[in-house]
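J.: Sequence first, then the predicted structure, then my questions.
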Amino acid sequence: MGRKSRAPHLPGPVRLSFGDFFSMEPNFDLFGHPVREGFGNRGRPPYEPTEKDRNKVKLLLAQGWANQRVANALGISPATLKRYFRAEMKDRFAMRDRLDARLLEIAMDAANDGNITALRELRAMIERNDRMSIELTMGKSSGDDEQPASKDKPGKKLIDEQRAHAADADLMAELESEAAQNARH
């Protein structure tokens with residue numbers, strides 16, 4: 001009667017072996033990306049895009065990354081990127097605007113909640129946006145005046161010809177001065 005008996009409804013401790021421990025977790029590579037099932041075996045396993053992959057593609061496109069660089073970040077080929085992320089790639093030029101809009105939205109929400117740091121960041125974001133708008137309008141108005149001047153600008157061939165003639169003239173002047181010095185001696 002010295003032994004304590006367990007209640008029949010409580011489970012006992014579960015013993016895990018070394019192999020059970022490692023088989024429970026998926027395999028990850030050095031950078032924390034999951035290794036796809038069948039990697040390293042014969043044949044190519046089909047790629048299955050996740051929502052996390054789609055968001056990563058959108059973020060990298062917003063940063064202006066090229067297709068090859070985005071594909072490398074996902075560990076896929078550029079052809080696979082184009083096949084599975086066609087919709088995201090089509091909106092590539094709008095991604096930066098969407099990212100900036102989302103950051104403004106987050107900063108506004110935090111500022112509305114009373115976060116002073118978020119309010120300062122929101123003010124800085126608005127000022128950057130205003131500066132960018134002014135630069136765009138100033139660039140368009142001054143760019144119209146500069147276009148005719150750029151047509152008058154000489155091309156590379158003309159500049160090279162002018163340099164060649166100037167070099168010939170300099171060489172002739174140097175040769176004449178040497179000849180005059182040798183005639184005196």
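T.: Sure thing, it's come through.

J.: what about Met119, neighbour count?
T.: That one is not Met; residue 119 is Leu. Other residues near Leu119 come to 16 when the count uses other C-beta atoms under 10 Å. From N, CA and C alone the C-beta is placed, and that goes for glycine too.

J.: Can you classify it by secondary structure?
T.: Counting by DSSP: H, G, I helix; E, B strand; the rest coil, the backbone at Leu119 sits in helix.

J.: Could I get the contacting residues of it?
T.: With C-beta atoms under 8 Å, 6 or more residues apart in numbering as the criterion, the residues that contact Leu119 are Ala111.

J.: That one and Arg184, how far apart?
T.: To Arg184, Leu119 is 83 Å away according to C-beta to C-beta, to the nearest Å.

J.: secondary structure element for the closest residue to Pro78 other than its chain neighbours?
T.: Take Pro78 and drop its neighbours on the chain: the residue closest to it by C-beta to C-beta, 6 or more residues apart in numbering is Ala71, 4.6 Å away. When elements are assigned from DSSP states H and E, Ala71 belongs to helix 67-74.

J.: What are the buried residues along that helix?
T.: Asn67, Val70, Ala71, Ala73, Leu74 (16 or more other C-beta atoms under 10 Å).

J.: Likewise for stretch 43-55?
T.: Residues Pro49, Asp53 are the ones in stretch 43-55 that count as buried (16+ other C-beta under 10 Å).

J.: okay, how far is it across that stretch, tip to tip?
T.: End-to-end distance for stretch 43-55: 28 Å, by C-alpha to C-alpha, to the nearest Å.

J.: Give me the contact list for that stretch.
T.: With C-beta under 8 Å, 6+ apart as the contact definition, stretch 43-55 has outside contacts at Arg36, Glu37, Gly38, Phe39, Leu74, Ile76, Thr80, Tyr84, Phe85, Glu88.
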